[in-house]
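Participant: just a sequence and a predicted model for now, questions to come.
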Amino acid sequence: MKALPTLSNLTLDLHDDGVLIATLNRPAKRNALNAETIEELITLFTTLPQTGVKAVVLAAQGDHFCAGLDLVEHHKEDRTPAEFWQLCLRWHEAFNKMEYGGVPIIAALKGAVVGGGLELASSAHIRVADASTYFALPEGTRGLFTGGGATIRVADLVGKARMIDMMLTGRVYKAQEAVDVGLAQYLVEGSSFDAALALAQRAAQNLPLTNFAICSAISHMNNMSALDAAYAEACVAGVVNTQAAARERLDAFAKGTGPRIRPNS
Ligand code: 1HE
């Protein structure tokens, strides 16, 4: 097993049950994503599958989850097209490592989840919002365009017509409306962190190989033709559904002691 890396822009706190709390820690800059934070996300999520971490809560300090691209750094750097192209590829590297990495990531959202912040959130496997959370893609109104995967992941969550509307008009989605269009799966009355932690703890009880398949295979299969996806699904199920670690759970079910699925479970 590899050790967790030491990072500057994310604080890591590993719980005994294998749940890692990874917290964006630049609240004075509304957790805007500078180039260094993107590199740290790559480091963390590349290493994660070899660390034994069972699930991650992606959280943020301060009142806002993430204000997206560090606009001040971008302005100061005065990047060339080639430099920004390459920077975007680093964003994709980070977010692909999250989505396809095989370790469940639950995003605890609050305040602004905007621009690249929404691209970050949409790379997590579950999004939990609280009453303060709002979503937007302000790139369009700032003379910019999305570069961290929104055309793939946000369009996938809400559909291309809603994404185009968000970018053309600066439309903001909040609370129940955001859940209704698919930007978040949960809207909680209290703290999104507490709810995300409870979900991560629950996911961490699944077998690691099962979670690995859930948090990598489904995304890969969505990129395939239906015919190839069905074949790949059979292959993944062949490996996962015959794992030795699952025998105990199947044995319990067969003996009548395993959990039964009820409406309130
Ligand atoms: C920032 C950033 C940032 C805040 N880059 N520094 N994203 C946006 O267009 C969102 C831009 N941010 C905002 O609209 C607001 O800052 C918030 C709604 C998120 C928060 O408002 P507020 O009133 O709490 O804070 P503030 O006074 O606006 O900002 C506080 C500090 O955070 C201030 O720094 P200071 O040194 O003057 O104190 C801000 O400059 C700083 N800050 N947001 C840099 N985004 C791969 S392409 C992706 C494309 C994009 O993501 S475009 C960005 C979209």
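Facilitator: Right, received. Where do you want to start? Everything numeric in this text was worked out from a predicted model, so none of it was measured.
Participant: now the residue of the stretch 151-265 of the chain found nearest the ligand. Nearest residue, chain neighbours left out?
Facilitator: Of all residues in the stretch 151-265 of the chain, G170 sits closest to the ligand, at 9.5 Å by C-beta to the nearest ligand atom. Backbone N, C-alpha and C define where each C-beta goes, glycine included. Counting by C-beta to C-beta, 6 or more residues apart in numbering, T141 is the residue found nearest to G170 once chain neighbours are left out, at 4.5 Å.
Participant: what's the spacing between the one you found and D251?
Facilitator: Distance of T141 to D251, computed by C-beta to C-beta, to the nearest Å: 58 Å.
Participant: ok so, going back, tell me if I'm right that the residue of the stretch 151-265 of the chain closest to the ligand and Y134 touch.
Facilitator: No. G170 is beyond contact range of Y134, at 11.7 Å (criterion: C-beta atoms under 8 Å).
Participant: comparing the two, which residue is more hemmed in?
Facilitator: Y134 (20 against 15; other C-beta atoms under 10 Å).
Participant: my read: that one touches K110, true?
Facilitator: No. Counting by C-beta under 8 Å, Y134 sits too far from K110 to count as a contact (9.5 Å).
Participant: could I get the full set of helices for the stretch 101-250 of the chain?
Facilitator: 116-121, 150-158, 160-169, 175-181, 192-203, 208-214, 217-222, 226-240, 247-254 (DSSP state H, counting those that start in this stretch).
Participant: buried deepest among these, which one?
Facilitator: Across the helices of the stretch 101-250 of the chain, the average number of neighbours (mean count of other C-beta atoms under 10 Å) peaks for helix 116-121, which reaches a mean of 29.
Participant: quick one: contacts of it?
Facilitator: 31, 33, 41, 58, 64-69, 91, 95, 107, 109, 113, 127, 135-137, 146-150, 153-154, 183 (C-beta atoms under 8 Å, 6 or more residues apart in numbering).
Participant: among those residues, which are in strands?
Facilitator: 58, 107, 113, 127, 135-136 (DSSP state E).
Participant: nearest to the ligand among these?
Facilitator: A136 (7.9 Å).
Participant: for that closest one, give me its contacts.
Facilitator: 112, 114-115, 118, 166, 170-173.
Participant: equivalent analysis for F145, please.
Facilitator: E139.
Participant: check it and give its pLDDT.
Facilitator: Predicted confidence (pLDDT) for F145: 98.
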